[in-house]
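Novice: Let's see this in three dimensions:
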Amino acid sequence: MSSSSSPPSRGSTPPPHNKKDIKPSLEILREEVRRRSESNKQDGNKPKPKPNGWNAKKCTDWLKANPITGEADVVFRFICE
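Specialist: All right, here's what the predicted structure looks like:
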């Protein structure tokens with residue numbers, strides 16, 4: 001009995017089935033804005049972001065403009081990569 005398709009190799013992840021599998025929800029984006037602003041310890045001069053009313057584009061733009069710089073987060077990303 002042969003199979004027409006081979007099973008995925010160990011350690012590989014299957015491709016996402018649909019767009020929502022790889023696209024974060026709006027709530028996840030908002031939570032990441034809050035988490036990252038705390039982690040990066042923004043200047044006292046800058047107002048703390050309040051993303052509750054933000055749409056996905058505004059959250060994404062803010063996250064791109066404010067990359068991860070907190071030492072613990074940078075170390076964690078380096079270890080995981």
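
Novice: remind me, longest helix of the protein?
Specialist: helix 26-39 (DSSP state H).

Novice: and that one, which residues are buried?
Specialist: If you call a residue buried by 16 or more other C-beta atoms under 10 Å, then helix 26-39 has these buried ones: L29, R30, E32, V33, R36, S37, S39. The C-beta positions use only the backbone N, C-alpha and C, and glycine is treated the same way.

Novice: just for this protein, where's the confidence low?
Specialist: For the chain, the stretches flagged by pLDDT under 70 are 1-17, 19-20, 42-45, 70, 72-81.

Novice: In this protein, what residue spans correspond to helices?
Specialist: Secondary structure of the chain (DSSP H): helices located at 26-39, 56-65, 71-80.

Novice: mind giving me a markdown table with those and columns for distance to K48?
Specialist: Shown next, in a markdown table, are those (distance: least, C-beta to C-beta, whole Å):
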| stretch | distance to K48 |
| --- | --- |
| helix 26-39 | 6 |
| helix 56-65 | 12 |
| helix 71-80 | 18 |
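
Novice: of the ones you listed, which approaches K46 most closely?
Specialist: helix 26-39 (8.9 Å; C-beta to C-beta).

Novice: For that closest one, which outside residues touch it?
Specialist: Applying C-beta atoms under 8 Å, 6 or more residues apart in numbering, the contact partners of helix 26-39 are 24, 48-49, 51-52, 54-56, 59-60, 62-63, 66, 68-70, 72-73.

Novice: Just the buried ones among these, please.
Specialist: P49, P51, W54, C59, W62, L63, N66, I68.

Novice: from these, which is closest to N18?
Specialist: Nearest to N18 among the buried ones among the contacts of helix 26-39: C59, at 21.1 Å, using C-beta to C-beta.

Novice: right, and the closest one touches P51 too?
Specialist: Yes. Using C-beta atoms under 8 Å, C59 makes contact with P51 at a distance of 5.8 Å.

Novice: Just want the angle from the longest helix of the chain to helix 56-65.
Specialist: Here helix 26-39 runs at an angle of 30 degrees relative to helix 56-65 (axes from the mean of the first three to the mean of the last three C-alpha atoms, to 10 degrees).

Novice: can I have helix 26-39 written out in PDB, keeping just the CAs?
Specialist: Extracted in PDB, the C-alpha atoms of helix 26-39 (Å, rounded to 0.1, in the frame of the first residue of the first chain):
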ATOM      1  CA  LEU A  26      -7.200  43.000  16.200                       C
ATOM      2  CA  GLU A  27      -7.200  42.200  19.900                       C
ATOM      3  CA  ILE A  28      -3.800  40.500  19.700                       C
ATOM      4  CA  LEU A  29      -2.400  43.500  17.800                       C
ATOM      5  CA  ARG A  30      -3.800  45.900  20.500                       C
ATOM      6  CA  GLU A  31      -2.300  43.800  23.300                       C
ATOM      7  CA  GLU A  32       1.100  43.700  21.600                       C
ATOM      8  CA  VAL A  33       1.000  47.500  21.300                       C
ATOM      9  CA  ARG A  34       0.400  47.700  25.100                       C
ATOM     10  CA  ARG A  35       3.000  45.000  25.900                       C
ATOM     11  CA  ARG A  36       5.700  46.500  23.600                       C
ATOM     12  CA  SER A  37       5.100  50.100  24.900                       C
ATOM     13  CA  GLU A  38       5.700  48.800  28.500                       C
ATOM     14  CA  SER A  39       8.600  46.600  27.400                       C
END
